[in-house]
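S.K.: A structural model of the following input is requested.
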Amino acid sequence: MKRKYLLLLNFLLLSLFGTSTTFTSVTNGAWGVPATWGGVYVSSFFTVPVAGTNYFTAGAGDTIIVNHAITMDYNIFVRDPDVLIIGPSGSITHGGTAVTNSFYHLSSGTGYTIAGISAGLFVEGEVNVEFFRNAAVISVQSGGAITTTSGASSGDFENFGDTYNSGSITIAGPMSAFNNNSGDLWMYASSLIDVQDGDFNNRTLIREFPTSACITASNNFNNLLGGTVMGNGGGIGAGVNVDNSANPLSNFDDAQWCAGSSGINLPLALENCPACSPALAEQTLIISADWKENAAQITWLNSSDNGASYALERAVENGVMETIYSTETTGHGYYTFTDHSATLRTTNYYRLLEYNLDGQIITEQTISLEPNKKDATQIRCYPNPAVDVAKLEIRSDKKGLFTLEIWAPVGHSVYSKDLHISGEMTMLQLNDVNWSAGMYLVRLLDEKGVQIATNRIIVR
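M.R.: Numbering: from 1, shown residues only. Model prediction:
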């Protein structure tokens, strides 16, 4: 009787307030303003904005699509069975105020499916909040990203439901953790979870873990009682220990393991660290030199940037190297220096040295810059800054097969394409690059892999 009464009440409410609807951040108001984006407002239950201190969805079974940038001022709650989709061009970012800006996901959805996964939250763009709690089902799609940063709250990611990860989840707050408490964590190809200053604590199941997937923690990976890893070649790296002491039996299956210190009660041998592990990854250092008017611009990108300082040298008389610039490392991996003393009519030779805290050289790379000729190969990027799509114009008197590369500020390649250049202008439109906001290095290499032209493009 009670169940029939509840069903009747639900029917009356739907009759009075409407049925489930699809809302988008373009057609249903400027959601960057709390008056039009703020939980219960984005619902078929409420056609007039209602003031509140948190952003709620109303649980009407609505599909809410965010396809532009939103700055949140308060907590967000996604109620069951609503579906929230952060589109490829969409983002939700906390405002950085003293108010806690956290994301609470409570919905398993209404059967809405993307890429074969049914969930209540789909992240194809970006979510950047102080704290994230999943109590239902979420899917981070390829190219999607969730980042937590501590503020008024901790920077933890708490998983109490099912998380399907094909993109990246970054725990960036100081001493913040990823806690896999219950439900399943599914890791797909090329997916990443990066705990930058804390532990990864596994109390349940990690499954479908292919070779190109990686979990990394700057401190410990703790496989607590009940924790199981069902791997398929994926990598788990810990800056300190991989600790399985809470499990008396082997609960690991076919995964790569590495640790900065040791493995505790680890039934499998520690192997070489996976290349995708930021905490323990091999360093990639890219240096470029190009003419900007009558000055030489030297740029370098470092994927790990874990040294103490850099020194840039240029060859002077008799090939003697002279330091022309030095700087301490910043941690962001991107550096540039303009050499106004470079010679215009002869080749300039440069050497970049990276030092550790003891003053020892840990990385060394050299590069040459040909004389500044008007007919040299040039790359023009526009619009610059770019938003979603960028165009490149390559002018060269050279002919043959070339490779175009685009490198992110953290020192990894996000794009590579072979080009046939016939000695005239070549046009290229970039609309399939997996990039986010930042400055990128564009390089053109000849058949021998020699860099012949560079430029920089800013993406907003």
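S.K.: for the stretch 51-200 of the chain, which spans come out with low pLDDT?
M.R.: 51-55, 58, 73, 95-100, 151-153 (pLDDT under 70).
S.K.: now the helices for it?
M.R.: Shown for the stretch 51-200 of the chain, no helices are assigned by DSSP state H, counting those that start in this stretch.
S.K.: nearest residue to Tyr112 other than its sequence neighbours?
M.R.: Closest residue to Tyr112 apart from its sequence neighbours, by Cβ to Cβ, 6 or more residues apart in numbering: Val83 at 4.4 Å. C-betas here are computed from N, CA, C, even on glycine.
S.K.: enumerate every residue touching the one you found.
M.R.: Asp62, Thr63, Ile64, Ser107, Gly109, Thr110, Tyr112, Ala119, Gly120, Leu121, Phe122 (Cβ atoms under 8 Å, 6 or more residues apart in numbering).
S.K.: centre of the chain versus stretch 154-171, how much separation?
M.R.: Taking Cα atoms, centre = their mean, to the nearest Å, one finds the center of stretch 154-171 at 13 Å from the center of the full chain.
S.K.: same check, this time on stretch 112-130
M.R.: Distance, stretch centre to chain centre, for stretch 112-130: 15 Å (Cα atoms, centre = their mean).
S.K.: for stretch 207-218, same thing?
M.R.: How far stretch 207-218 lies from its chain's middle: 15 Å, per Cα atoms, centre = their mean.
S.K.: what do you get for stretch 83-94?
M.R.: Mean-position distance between stretch 83-94 and its chain equals 14 Å (Cα atoms, centre = their mean).
S.K.: just the terminal-to-terminal distance for that stretch.
M.R.: Distance between the two ends of stretch 83-94: 20 Å, counting by Cα to Cα, to the nearest Å.
S.K.: for that stretch, buried residues please.
M.R.: Applying a neighbour-count criterion of 16 or more other Cβ atoms under 10 Å, one finds Val83, Leu84, Ile85, Ile86, Gly87, Gly90, Ser91, Ile92, His94 buried in stretch 83-94.
S.K.: hmm, back to that, so of the contacts of Val83, which ones are in strands?
M.R.: Residues of the contacts of Val83 located in strands (DSSP state E): Thr63, Ile64, Leu121, Phe122.
S.K.: from these, which single one is nearest Asn265?
M.R.: Leu121 (35.6 Å; Cβ to Cβ).
S.K.: spatially nearest residue to that closest one (excluding sequence neighbours)?
M.R.: Using Cβ to Cβ, 6+ apart and skipping residues adjacent in sequence, the residue nearest Leu121 is Ile138, 4.2 Å away.
S.K.: identify the residues contacting the one you found.
M.R.: Going by Cβ under 8 Å, 6+ apart, Ile138 touches His105, Ala119, Gly120, Leu121, Phe122, Val123, Gly161, Asp162, Thr163, Tyr164.
S.K.: can I assume the first one is in contact with Phe122?
M.R.: This points to His105. No: contact criterion Cβ atoms under 8 Å: His105 and Phe122 do not qualify, at 11.0 Å.
S.K.: mutual contacts of the two, please.
M.R.: With Cβ under 8 Å, 6+ apart as the test, His105 and Phe122 both reach Leu84, Ile138.
S.K.: the stretch 301-450 of the chain: strands as residue ranges?
M.R.: Secondary structure of the stretch 301-450 of the chain (DSSP state E, counting those that start in this stretch): strands located at 309-315, 321-328, 334-339, 348-355, 361-369, 378-382, 390-395, 399-407, 413-422, 426-430, 438-445.
S.K.: let's have the ones you listed in JSON lines, adding mean pLDDT.
M.R.: Shown next, in JSON lines, are the strands of the stretch 301-450 of the chain (pLDDT from 0 to 100):
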{"stretch": "strand 309-315", "mean pLDDT": "92"}
{"stretch": "strand 321-328", "mean pLDDT": "92"}
{"stretch": "strand 334-339", "mean pLDDT": "87"}
{"stretch": "strand 348-355", "mean pLDDT": "90"}
{"stretch": "strand 361-369", "mean pLDDT": "83"}
{"stretch": "strand 378-382", "mean pLDDT": "81"}
{"stretch": "strand 390-395", "mean pLDDT": "84"}
{"stretch": "strand 399-407", "mean pLDDT": "87"}
{"stretch": "strand 413-422", "mean pLDDT": "85"}
{"stretch": "strand 426-430", "mean pLDDT": "84"}
{"stretch": "strand 438-445", "mean pLDDT": "82"}
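S.K.: quick check: which of the ones you listed is nearest to Ser218?
M.R.: Closest approach to Ser218 among the strands of the stretch 301-450 of the chain (Cβ to Cβ): strand 361-369, 19.8 Å.
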